[in-house]
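K.L.:
Take this sequence and fold it.
(one chain, ligands or ions: 1)
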Amino acid sequence: MNVVRLRPTTTRPNTSRNAVHSWLACLALLLLAACAVSPAFADEPYARSRDYDLQHSKIAMRFDVEKKEIFGDVTHTLAILRDNTAKISFDSVDLNIRSVTVDRAPAKFETTDAKLIVALPEPAKTGQKFEIEIKYDGKPSKGIYFILPDAGYPNRPIQIWTQGESEDTRFYLPTYDYPNDRLTTETILTVPAAWQTIANGKLVSVTDGAKGLKTWTWKESLPSSTYLISIIVGEFDEVKDSWRGMPVDYFAPKGRGDRLQVNYGRTSAMIELFSKKFGVDYPWEKYDQTMVDDFVAGGMENSSATTNASESLTNPKLVPEYVSNQDELISHELTHQWFGDLVTCKAWSDIWLNEGFATFGETMWTEAHYGKDLADYNRWRAAHEWFHQPNLFYKPIVRHDFLADSEEFDGNAYGKAGWVIDMLRHQLGEDAFYAGLKHYLEANRGKNALTSDFAKAMEEATHVNIDQFLTQWIYGAGAPKLEMSYVYNDAKHQIALTVKQTQVQKGLVGVFRVPVDVEVTTASGPRLYPLVMGKDADKDTDIFLLPADSAPLMVLFDKGNHILKSADFQKEKKEWLYQLKNASELADRADAVNALAKMTKDEDAVNAVGYAMLHDNALGLRIIATEGLGRVDTPLASKLLLAALDQSASSTSGDGLLDRYHIVAALNGDHDPAVAAKLEAIAKDDKSYRARGAALDALGHLKTPTALATLTAAVAGDSPDDFLRNSALRALGPLGDDKAVPLLREWVALGKPVPARAAAISSLGQLDKDNPAITQLLTTYLAEPHFSIRIAAIHALGFRGDPAAIPALEALLSAKDLSIEMVPIIKAQISHIQSKPGAKSAHNNVDDDDDSPATSASKEAAENAERLERIERLTKEMNDRLKAIESRLPAAKDQ
Ligand SMILES: [Zn+2]
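P.N.:
From the prediction side, this is the model:
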């Protein structure tokens, strides 16, 4: 999944599971069901022990769109795994069970908050098979979502779609809802004749029925887990493509079909790449990708039928302005068809076997299609981003202490695990690594796996034992933080390189033992030394003595950046200058940029960064240099950025547009009057829409005298998907001029496009702060169905800080249709309001435990701050993946 981290990977996770509650539910069931598993055995968050093997589900479903109701008839074929099993327990939440039969005979059943328990006619034997048919209906609060036209948006195409991961299938289908079981499916959907349907597997038939209805039948003949079941019906445009003769189809909400090919057209090439590299052909019978509105994740890898957020349908006019457009999202979900769907994590604790590999798949595609430099750039960035999330540092990738909110779908399962897999590739070498993956996929094909299965397969294929590697990087936590320096001894012709690991050793973080390539370049050329750092677990410092025939020009520790680490390498300016100019790998030049950009008063250093911004061959390095100059904030840096802006104006390459956007973004916060004039001109007219958007944003932050007029004009103008209008609406908040209030009130109104409303809500919250009518207006948006409107209103109220909003926010916390990721956001905003002077006395704390109110509030505030940080990170990851995310994330400034 790509979490919403809005979520969409990037999901990250907008699912609803609450492990504490499901554990409690489980416990209740143990008391209830006489033949359940003995509580002496570990259960969730370890994989569940099972009483039966669900083998096949025939799922028939109809819909009442007006009432958002479903009518289901599911027949499960299952085999008993344990003698004397007398009851079959399905996960089922809030569904109205009308009847149950066992082998066609009426059966007794009972329901609890979380379970449907069906009595078998008599205690069954291992291997005995049953067909259990369940007829039910319901108005699910999650799991299945109805996106419908309404008063504000009468032309919206109808879309009904499901989202199972992690454990929401049970809200629309009584089933075994945990990953460690696999089944084939037959999905039979009866819908109005004009609708499309999409489900797992092959389309078998479409038959006409009565009353203008049609029945579509889909069959999935390869088993997969129930969180990967997908049902989509509604009004969609379709584009048909193929790979080696297999259907590869794309679906967009009706009216947006013209966006499919330009964004998704590289899918077949990706399937070919992955089939070859993994050594296992794409395993399913077709590959559909359906883009839906208001999706609760960025993307979801349902087997053979991925669902993605419709924000991934970038307007064709904007596509050239994004370096790899939606390819990260598309390659991520596609990789899951092998890693996640064909081989599935057995328990959520090992979710990195799904998400780490899907993240690595993004690297594979980027490297193959866009080149090594861009892949290296992404990896360099990912490492920096991971180190900026201190809450992840002491947590291992595989863990069992996640408590709630799908929190195991974190930056370790995605970003860090993707990095770790890349490290493994480097250490094993390309051929051995992929031979290992092939064997892992073949040995576990159609099965569920834990990290130990991965270790076994890799060793069998490569004869390399990776246990120490996994202990350190997957079961252990953290990463090396290094301080380095060296001295050259002219008499001995050698250097002494000191490497000190400074990470605080506690918990699962120790001294890292890692093979590393060190390259020493002297006047006579480069020499590479393969070394091992941290051989002695008791010593945090290594001193390496390396030959050098003369004083080194450049010493690279971990050439090419293949170890996840942070590094502070003491070098002289001349060495960094040499490195920026001569290092062959992007990451080594990027390190030099960062070192030189810190020497803000040094003209040589700043000029060198400016030169790299203009002349480095790699776009990624030019971006890093541009951002470095943006941080320098001196007249020289402004001058260099403005000159680069002029140069990019005449560039005709696609990269020129990207350079331009990044330069404008780097000027945000620069108070040089020449900069303001330039931004003003770009905001009004430029060949790059993203540069114009960034200029509008910068004008708001700089509060230039003419900013209000320029932003107001931009709100009135037209651009692809209102790109500029939305940028301008977002910038009016930071501008802080109350004269913008009437304009914003116009754009928050129901009926205006949702992304524009979200942007206007975000800005309105920042203005006319003593006006209770605005607070009141913003609280009315908390109840709206649109995810982005709600999120915008929650953030706007938090930012506003008016205690009058607290009751409405607290009331929202108990709403049933809340996605779980919203809960911490709401709590954080309440805490934020309460932390303002004078606010606490007016209202009680959110929680009412025994702690003193002050302690409890500050504890909660600290917890919320951490959670908010997580949400913000997830949001950011989502941003990286869905470049059109402005529409849903009003708080994001720079994308
Ligand atoms: Zn994923």
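K.L.:
any low-confidence regions in the stretch 101-250 of the chain?
P.N.:
Filtered on pLDDT under 70, the stretch 101-250 of the chain yields no residues whatsoever.
K.L.:
Check the chain too.
P.N.:
3-42, 403-406, 819-821, 838-895.
K.L.:
Try it again at 90.
P.N.:
Along the chain, the parts satisfying pLDDT under 90 run over 1-45, 151-152, 296-297, 401-409, 633, 648-659, 669-673, 783-788, 813-825, 835-895.
K.L.:
Look at the residue lying farthest from the centre of it and tell me its secondary structure.
P.N.:
Within the chain, residue 491 marks the point farthest from the mean C-alpha position, 54.2 Å out by CA atoms, centre = their mean. The assignment at residue 491 comes out as coil when based on DSSP: H, G, I helix; E, B strand; the rest coil.
K.L.:
And it, how far from the ion?
P.N.:
56 Å (CB to the ion, to the nearest Å). In short, each C-beta sits where N, CA and C put it, glycine included.
K.L.:
what about that residue, distance to residue 545?
P.N.:
Taking CB to CB, to the nearest Å as the measure, residue 491 falls 13 Å from residue 545.
K.L.:
intersection of neighbour lists for the two?
P.N.:
Residues touching both residue 491 and residue 545 (CB atoms under 8 Å, 6 or more residues apart in numbering): none.
K.L.:
Ramachandran coordinates for the residue of the stretch 551-700 of the chain found nearest the ion?
P.N.:
Nearest to the ion, among the residues of the stretch 551-700 of the chain, is residue 564, at 19.6 Å (CB to the ion). The phi and psi values for residue 564, taken as degrees, to the nearest 10, are phi -70, psi 110.
K.L.:
That one touches residue 384, doesn't it?
P.N.:
No: contact criterion CB atoms under 8 Å: residue 564 and residue 384 do not qualify, at 10.6 Å.
K.L.:
Those two - which one has more neighbours?
P.N.:
residue 564 (23 against 13; other CB atoms under 10 Å).
K.L.:
contacting residues for that one?
P.N.:
Counted by CB under 8 Å, 6+ apart, residue 564 has contacts 383, 386, 416, 419, 420, 423, 473, 479.
K.L.:
before we move on, back to that, any idea how far the residue of the stretch 551-700 of the chain closest to the ion is from residue 392?
P.N.:
Distance from residue 564 to residue 392, by CB to CB: 12 Å.
K.L.:
list residues touching both of the two?
P.N.:
What both residue 564 and residue 392 touch, as defined by CB under 8 Å, 6+ apart, is the set 386, 416.
K.L.:
Spell out which residues of the stretch 601-750 of the chain are next to the ion.
P.N.:
Contacts of the stretch 601-750 of the chain with the ion, taken as CB under 5 Å from the ion, are absent.
K.L.:
Tell me where the stretch 601-750 of the chain has helices.
P.N.:
603-615, 619-632, 635-649, 654-666, 673-684, 689-702, 707-716, 723-735, 741-747 (DSSP state H, counting those that start in this stretch).
K.L.:
Would you mind putting the CA coordinates of the longest one into CSV?
P.N.:
Coordinates of each C-alpha in helix 635-649 appear next as CSV, following Å, rounded to 0.1, in the frame of the first residue of the first chain:
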residue,chain,number,x,y,z
PRO,A,635,23.7,38.5,-1.6
LEU,A,636,26.1,36.2,-3.6
ALA,A,637,23.7,33.3,-3.3
SER,A,638,20.8,35.4,-4.4
LYS,A,639,22.8,36.7,-7.3
LEU,A,640,23.7,33.2,-8.4
LEU,A,641,20.2,31.9,-8.1
LEU,A,642,18.8,34.9,-10.2
ALA,A,643,21.5,34.3,-12.8
ALA,A,644,20.5,30.6,-13.0
LEU,A,645,16.9,31.6,-13.4
ASP,A,646,17.8,33.7,-16.4
GLN,A,647,19.8,30.8,-17.9
SER,A,648,17.0,28.3,-17.4
ALA,A,649,14.6,30.7,-19.2
